[in-house]
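Enquirer: attaching a predicted model along with its sequence, questions to come.
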Amino acid sequence: MNETINLIQNRRSIRSYEDKLISEENKNLIINSAMRSPTAGNMMLYSIVEIEDQEIKDKLVKSCDNQPFIAKAPLVLLFLADYQRWMDYFTVCDIDSFCESEKLTQRAPQEGDMLLACCDALIAAQTAVVAAESLGIGSCYIGDIMENYEFHKDLFNLPKYTFPIILLCFGYPKDKILNKALTPRFAQKYIHFKNAYKSLNNIDFEEMYKTRKLKHYIGNATNFGQHMYLKKFVADFTIEMTRSVRKAIQEWSS
Ligand SMILES: Cc1cc2nc3c(=O)[nH]c(=O)nc-3n(C[C@H](O)[C@H](O)[C@H](O)COP(=O)(O)O)c2cc1C
């Protein structure tokens, strides 16, 4: 295995950090690497906000479903889907009168533009993860940043055509974490299809999930599916995420 494959295959999420700062040099390497990611039409439809202020990190602990490790991460980066910069540039470029003279109907960013900007932001985020890993710096995604849209909009002074798609926490991992086994993945045959989608049957599922059986399931759940349904699919944070994302989509498309 080459070094890059080895690095990718041994990455794990890190939620507990050494009390050690990340140097400006390493921080810039991570951000510059993220900025080399592919982006749709090379438009770079994202922005990165570095959260330096401890008070803001503390607020994020609560607004991102009570995850205390966010406050302890030496580096926290917010990845925004961002069409606002292009809209502002279009204004500077006098798109109003251009559309008028060309008899073009003006349009504003909508759902498709939002998803494309989310793609750019997430791809940049994953490049940041891999770059950090190569420097011995661990990371963990926080998807709960998609919740509480109104609060985060206010907290970060977000304009209309931006959306906080992911938060990343970085820090040097505590040694003991690195001795733990990697989290399992499903076998490739259930994930990788050729030419068309393949629906799985009961036998497939039995085999696919046989390593995911737990000693204790939450509530009255009697199998892993019921357990995950309660823990994730109908959990309060999921319901809030749906409400919040819907609000953001409405904001973009209004
Ligand atoms: C989109 C996304 C959102 C995530 N959100 C969280 C989160 O809010 N809190 C957390 O502790 N981990 C979060 N994770 C990390 C996953 O839990 C982790 O990647 C998964 O359990 C597999 O573990 P591994 O990364 O160690 O292989 C998130 C990962 C992704 C890709």
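Expert: Looks like it arrived, so ask away. Residues are numbered from 1 along each chain as shown.
Enquirer: what sits against Pro184?
Expert: Thr211, Arg212 (CB atoms under 8 Å, 6 or more residues apart in numbering). C-beta coordinates here come from the backbone N, C-alpha and C atoms, glycine included.
Enquirer: what about 6 Å?
Expert: Thr211 (CB atoms under 6 Å, 6 or more residues apart in numbering).
Enquirer: give me the pLDDT for it.
Expert: Looking at Pro184, its pLDDT is 94.
Enquirer: shouldn't it be within a helix?
Expert: No - looking at Pro184 with DSSP: H, G, I helix; E, B strand; the rest coil, it is coil, so not inside a helix.
Enquirer: so which residues on the stretch 51-200 of the chain come close to the ligand?
Expert: Within the stretch 51-200 of the chain, the residues that sit near the ligand (CB under 6 Å from any ligand atom) are Gln67, Cys140, Tyr141, Ile142, Gly143, Asp144, Thr183.
Enquirer: is it true that the fourth one touches Ile165?
Expert: No - taking CB atoms under 6 Å as the contact criterion, Ile142 and Ile165 are not neighbours in contact, 10.9 Å apart.
Enquirer: more neighbours: these two, which one.
Expert: The residue with more neighbours, out of Ile142 and Ile165, is Ile165; 25 against 22, by other CB atoms under 10 Å.
Enquirer: scan the chain for its longest helix.
Expert: When the chain is parsed with DSSP state H, its longest helix is helix 111-134.
Enquirer: which strands or helices does that one pack on?
Expert: If you count contacts as 3 or more CB pairs under 6 Å, 6 or more residues apart in numbering; DSSP states H and E, helix 111-134 packs onto helix 24-34, strand 46-50, strand 75-82, strand 162-171.
Enquirer: and the angle from that helix to strand 162-171?
Expert: 10 degrees (axes from the mean of the first three to the mean of the last three CA atoms, to 10 degrees).
Enquirer: buried by neighbour count: which residues of helix 111-134 qualify?
Expert: 113-114, 116-134 (16 or more other CB atoms under 10 Å).
Enquirer: other residues contacting it?
Expert: By CB under 6 Å, 6+ apart, the surrounding residues in contact with helix 111-134 are 7, 11, 30, 33-34, 37, 39-40, 45-46, 79, 81, 83, 139, 165-166, 168, 170, 252.
Enquirer: one more: stretch 205-225?
Expert: By CB under 6 Å, 6+ apart, stretch 205-225 touches Pro184, Phe186, Tyr190, His227, Leu230, Lys231.
Enquirer: look at the closest residue to the ligand within the stretch 151-254 of the chain and say how many residues are nearby.
Expert: Nearest to the ligand in the stretch 151-254 of the chain, going by CB to the nearest ligand atom, is Thr183, at a distance of 3.9 Å. Using other CB under 10 Å, Thr183 has 7 neighbouring residues.
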